[in-house]
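Trainee: Give me the fold of what follows.
(chains A and B)
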Amino acid sequence: MPPAVAATGEHRLRVNGTERTTSITPSATLLDTLRERLGLFGTKKGCDHGQCGACTVLVDGRRTLSCLVLAATQQDREITTIEGLARPDGSPHPLQEAFAARDAFQCGYCTPGQIMSAAGLANEGWPPDDDGIREAMSGNLCRCGAYNTIVAAIRDVRDGTGA
Amino acid sequence: MIPFALHTAASPEEALGRLADEPGAALLAGGTTLVDLMKLEVLRPSAVIDISRIGLDAIERTPRGWRIGALARNRDVAAHPRIAADLPLLSQAILQGASGALRTMATVGGNLLQRTRCGYFRDRTAACNKRSPGAGCAALDGVNRGHAVLGVSDACIATHPGDLAVALAALDARVTLRSRDGERTVAFTDFNLVPGNTPERETVMMPSEMVTAVEVPDLGYARRSLYRKVRDRASYQFALVSCAVALDVEEGVVRAARIALGGVGTKPWRAREAERSLVGRFADAHAFGDAAARALAGARPRPDNAFKVAMAERVLARCLLDLREMAL
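Mentor: Next up is the predicted model:
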């Protein structure tokens, strides 16, 4: 049998293409580990119960609510946060550009989760119409109510038509 | 969270061995229910066994249907092109549940074991017989607009929250359960239990068992089927009423029907008497209305959720009418 995860131990996490080693307790969520252990504050804590989408990251390319994931279970997986979304040359990801161009936020707190969720949606396949985008993004709440411009930003990226 | 030991299983056998050795351990698949309820301290396993790396995630064609591994993600089942074509109500049910990220995380086996969203179950300060047997039920005279009207007892009126589960009930699915001592298969309609006096027992599973697969047999008339969900928001909301319905009609006469209801029952609610009442009748609004009334005949509503009875009857009758008109 492989060893059980010790009460607290050193774990290797692969975040944004970089191997990071940190100590993780069994109950530590990926969200808290990213923020408090690895200093990656772009991923936001909203409800902490998988209801708001603010903590969305990609795990092996799939959108994942990091508040519902135990960090110690994520070794050897490819974790991508908003900090790792930019192109290799450092220029913003098309979704980041589109959210800025469309003013798809007000306070910005939900924005990293919105963008990461949209990035995961791109891997699933874009919905053909605005209703489909709204349905696919319904797990990402925006209490400022920027939904119309969020949908427009995602539509721009889908269609390759920057605003 | 209450402290716990975390184990990573590399195979089903290892997970089952660990589960047999550690009463009080919980299996961790997608985590969307377990981690949430551990944070609320509603669930307090002494150990958590991560089964996300043990395989059992294949979606396979069998001679007479589909076999879906317990670790298959809900989203992958719904997006499977042949399942979407062969069993449309299965895909539709999954895609009307939760959100895109949750569907991607959630596994089929875990989804069948998700817990009720009754607010009193989730609130450790409230009386709940399901969480603390014998404590009473705050929902009976509390805020119970979302609660069940079918299969209820004086001990519990918590609604089964599933969507996929309602489709599986309609489709005569079977669930494969495995323990260290062997494997057995149960009809999905027998998998969940009504609360009775033991609402803490939600399924026929033994503590040492895990779900390993769901088998969904072909249904010749599944192309004339649909899943419809009525809820307070257009997306990302639990059902007030949902219907998984399939209809076999020839020359205007019903040959067979499948009817299951969600949002109204303490378990995914198969309405067999309503199905039988349709066989041999003209497929018209009168027959459909009769069937819908039969499906809800045993309802025991509370003041806040009494609206669900008429709503379920109307949604079901409308689904049947729409199926009759469906061009194939």
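Trainee: all contacts plus neighbour counts: C-alpha atoms, from now on.
Mentor: OK.
Trainee: so, in contact with chain B or not, the helix or strand harbouring residue A:157?
Mentor: Per DSSP states H and E, residue A:157 falls inside helix A:147-159. No. Judged by CA under 8 Å from any CA of the partner chain, helix A:147-159 stays clear of chain B, getting no closer than 13.9 Å.
Trainee: now check the helix or strand of chain B with the lowest mean pLDDT, is it near chain A?
Mentor: Across the helices and strands of chain B, mean confidence by mean pLDDT, DSSP states H and E is lowest for helix B:81-86: a mean of 92. No. On the criterion CA under 8 Å from any CA, helix B:81-86 is out of touch with chain A, staying 13.2 Å away.
Trainee: got the buried residues for the helix holding residue A:157?
Mentor: Buried residues in helix A:147-159, counted by 16 or more other CA atoms under 10 Å in any protein chain shown: A:147, A:149-158.
Trainee: next one: stretch A:15-33
Mentor: Buried residues in stretch A:15-33, counted by 16+ other CA under 10 Å: A:15-16, A:24-33.
Trainee: Name the surrounding residues that touch it.
Mentor: Contact with stretch A:15-33 is made by A:5-14, A:37-38, A:43-45, A:55, A:66-72, A:78-81, A:83-85, B:1, B:3-6, as judged by CA atoms under 8 Å, 6 or more residues apart in numbering or on different chains.
Trainee: Give the rounded mean pLDDT of it.
Mentor: The average pLDDT within stretch A:15-33 is 96.
Trainee: same deal with stretch B:171-181?
Mentor: On average, stretch B:171-181 scores 97.
Trainee: Now do the contacts for the closest residue to chain A within the stretch 51-200 of chain B.
Mentor: The stretch 51-200 of chain B approaches chain A most closely through residue B:99 (4.8 Å), counting by CA to the nearest CA. Residue B:99 is in contact with A:135-139, B:235-236, counting by CA under 8 Å, 6+ apart.
Trainee: Surely residue A:14 forms part of a strand?
Mentor: Yes. Under DSSP: H, G, I helix; E, B strand; the rest coil, residue A:14 sits within a strand.
Trainee: Can you give me the separation between it and residue A:58?
Mentor: As judged by CA to CA, to the nearest Å, residue A:14 and residue A:58 stand 12 Å apart.
Trainee: Pick out whichever of those two has more residues nearby.
Mentor: residue A:58 (25 against 18; other CA atoms under 10 Å in any protein chain shown).
Trainee: Number of residues surrounding the residue lying closest to the more buried one once chain neighbours are set aside?
Mentor: Counting by CA to CA, 6 or more residues apart in numbering or on different chains, residue A:58 lies nearest to residue A:80, which is 5.0 Å off, once chain neighbours are set aside. Residue A:80: 21 surrounding residues under other CA under 10 Å.
Trainee: Verify the contact between residue A:80 and residue A:62 for me.
Mentor: No. Here residue A:80 does not reach residue A:62: they are 9.5 Å apart, not a contact under CA atoms under 8 Å.
Trainee: residue ranges for the helices of chain B, please.
Mentor: B:12-21, B:34-39, B:74-79, B:81-86, B:88-95, B:100-105, B:108-112, B:119-122, B:164-170, B:188-191, B:272-278, B:285-295, B:307-325 (DSSP state H).
Trainee: Please tabulate the ones you listed in JSON lines, including the columns mean neighbour count.
Mentor: Output for the helices of chain B, formatted as JSON lines (neighbours: other CA atoms under 10 Å in any protein chain shown):
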{"stretch": "helix B:12-21", "mean neighbour count": "18"}
{"stretch": "helix B:34-39", "mean neighbour count": "20"}
{"stretch": "helix B:74-79", "mean neighbour count": "22"}
{"stretch": "helix B:81-86", "mean neighbour count": "15"}
{"stretch": "helix B:88-95", "mean neighbour count": "25"}
{"stretch": "helix B:100-105", "mean neighbour count": "24"}
{"stretch": "helix B:108-112", "mean neighbour count": "26"}
{"stretch": "helix B:119-122", "mean neighbour count": "20"}
{"stretch": "helix B:164-170", "mean neighbour count": "29"}
{"stretch": "helix B:188-191", "mean neighbour count": "20"}
{"stretch": "helix B:272-278", "mean neighbour count": "19"}
{"stretch": "helix B:285-295", "mean neighbour count": "20"}
{"stretch": "helix B:307-325", "mean neighbour count": "20"}
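Trainee: Quick one: those as a markdown table, columns for distance to residue B:53 too.
Mentor: What follows is these, written out as a markdown table (distance: least, CA to CA, whole Å):
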| stretch | distance to residue B:53 |
| --- | --- |
| helix B:12-21 | 9 |
| helix B:34-39 | 17 |
| helix B:74-79 | 16 |
| helix B:81-86 | 24 |
| helix B:88-95 | 23 |
| helix B:100-105 | 14 |
| helix B:108-112 | 14 |
| helix B:119-122 | 29 |
| helix B:164-170 | 23 |
| helix B:188-191 | 25 |
| helix B:272-278 | 39 |
| helix B:285-295 | 42 |
| helix B:307-325 | 40 |
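Trainee: Done for today, thanks.
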